[in-house]
Each structure stands twice: as C-alpha cells, then as structure tokens.
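Student: here you go, sequence then predicted model.
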Amino acid sequence: MKLLKKIVLALLVLIVFAQFFGPEKNEGDMASIEPFLAETNPPAYVKAILEETCYDCHSDVTRYPWYNNITPVNYWLAEHIEDGKKHFNVSNWVGNSVKRKDHKFEELIEMVEDKSMPLKSYTITHSEANLSEDQIKAVIDWAKLVRVKYSMMPQPE
C-alpha cells in the first residue's frame, strides 16, 4: 500500500509540475490574414464564418480557450493547430502558386460539403462553429467563385 501511495504522489507532483510547461502558442496578428482576404474577397457573411470557424486552426491567429492552460490538453490543441496549418494556412497565402491555391479551395469545398470541416472535436467545444446549411452553401458558393478566378489566371508551364 505504501508503494501505491508513493506512485500516486509522484504522479500528482509530475502533473502539477507539467502545468508550468507547454507548447509555443500560435499568436500572430490579423494582418497575416489580410493578403488572403484581399485576394479571395469573401463577402462579409462568409468572412464572419471564416473568423468563427477556420482561423483558430488554419491561420497564425488562434483564440485559445481557458482549457488550453491545462497540460496535456494544450499539447493536443497545439498538434491540431499545427496539423490544420499544414493542410491550409491562410496566414501563409502569399507565395503559393495559383495551382496550389486552387487545389486548397478544391479541398475546402470538398471538406465543407461533406461536413468533415470544421472537425467534430472543434465543434464540441465551439458550438458557434456548427455550420448551418445556409452557411455551408455560402462558403461553398464563395469558394467556387474563387476557383473560377484562379482558373482564369495564367499558369506557369
């Protein structure tokens, strides 16, 4: 029994100690999103949807919830953000080829259409990110218009 108490106490000390450490936060500013907005020109309604449902994981601007201060949850969130930015990062829009941008919008349409974005794990704690059918249609319609714009741009050989 003494061994069990020592193990529990050691784990408790380790958990408390771990709270003083955490991953680096994703704290950019809204200016990093401006080139994306200027190029894709979302209507105000879609822009609000993007701010509410996409930027936390797909930009350098993340609004962290209170539970991000709890280790190991903060590491789990950091991994989600890193993965989201790897696939689609609106803060890193400049410098991508037209072909890549078009492909990202093709993926955006597919994932919003089949409701795999936003992630269920995100909408559980961010109920405002649950998209209505009208919101889904607005985002898809805008994304399709952006793809038309990209299709008319010259492509390097």
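Tutor: It's in. Numbering: from 1, shown residues only.
Student: from here on, contacts and neighbour counts on C-alpha atoms
Tutor: Fine.
Student: put the alpha carbons of whichever strand or helix holds residue 140 into CSV.
Tutor: Using DSSP states H and E, residue 140 sits in helix 133-151. Output in CSV follows, covering the C-alpha atoms of helix 133-151 (Å, rounded to 0.1, in the frame of the first residue of the first chain):
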residue,chain,number,x,y,z
GLU,A,133,-26.9,24.5,-44.3
ASP,A,134,-27.1,28.2,-45.4
GLN,A,135,-23.6,28.8,-44.0
ILE,A,136,-22.2,25.8,-45.8
LYS,A,137,-23.8,26.9,-49.1
ALA,A,138,-22.4,30.4,-48.6
VAL,A,139,-18.9,29.2,-48.0
ILE,A,140,-19.1,26.7,-50.9
ASP,A,141,-20.5,29.3,-53.3
TRP,A,142,-17.7,31.8,-52.4
ALA,A,143,-15.0,29.1,-52.8
LYS,A,144,-16.3,28.1,-56.2
LEU,A,145,-16.2,31.8,-57.3
VAL,A,146,-12.6,31.9,-56.1
ARG,A,147,-11.8,28.8,-58.1
VAL,A,148,-13.2,30.4,-61.2
LYS,A,149,-11.0,33.4,-60.6
TYR,A,150,-7.9,31.1,-60.2
SER,A,151,-8.9,29.2,-63.4
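Student: distance from the chain centre to that helix, please.
Tutor: Here the centre of helix 133-151 is set off from its chain's centre by 18 Å, with C-alpha atoms, centre = their mean, to the nearest Å.
Student: so what touches that helix?
Tutor: Helix 133-151 has contacts (C-alpha atoms under 8 Å, 6 or more residues apart in numbering) with 40, 42-43, 45-46, 49, 98-99, 101-102, 105-106, 108-109, 112-113.
Student: once you drop chain neighbours, what's closest to the residue sitting nearest the centre point of the chain?
Tutor: The C-alpha lying nearest the average C-alpha coordinate of the chain belongs to residue 57 (C-alpha atoms, centre = their mean; 1.7 Å). Spatial nearest neighbour of residue 57, excluding adjacent residues (C-alpha to C-alpha, 6 or more residues apart in numbering): residue 81 at 4.5 Å.
Student: residue 68: what's it in contact with?
Tutor: By C-alpha under 8 Å, 6+ apart, the residues touching residue 68 are 74, 77.
Student: any idea how far it lies from residue 50?
Tutor: For residue 68, the distance to residue 50 equals 21 Å [C-alpha to C-alpha, to the nearest Å].
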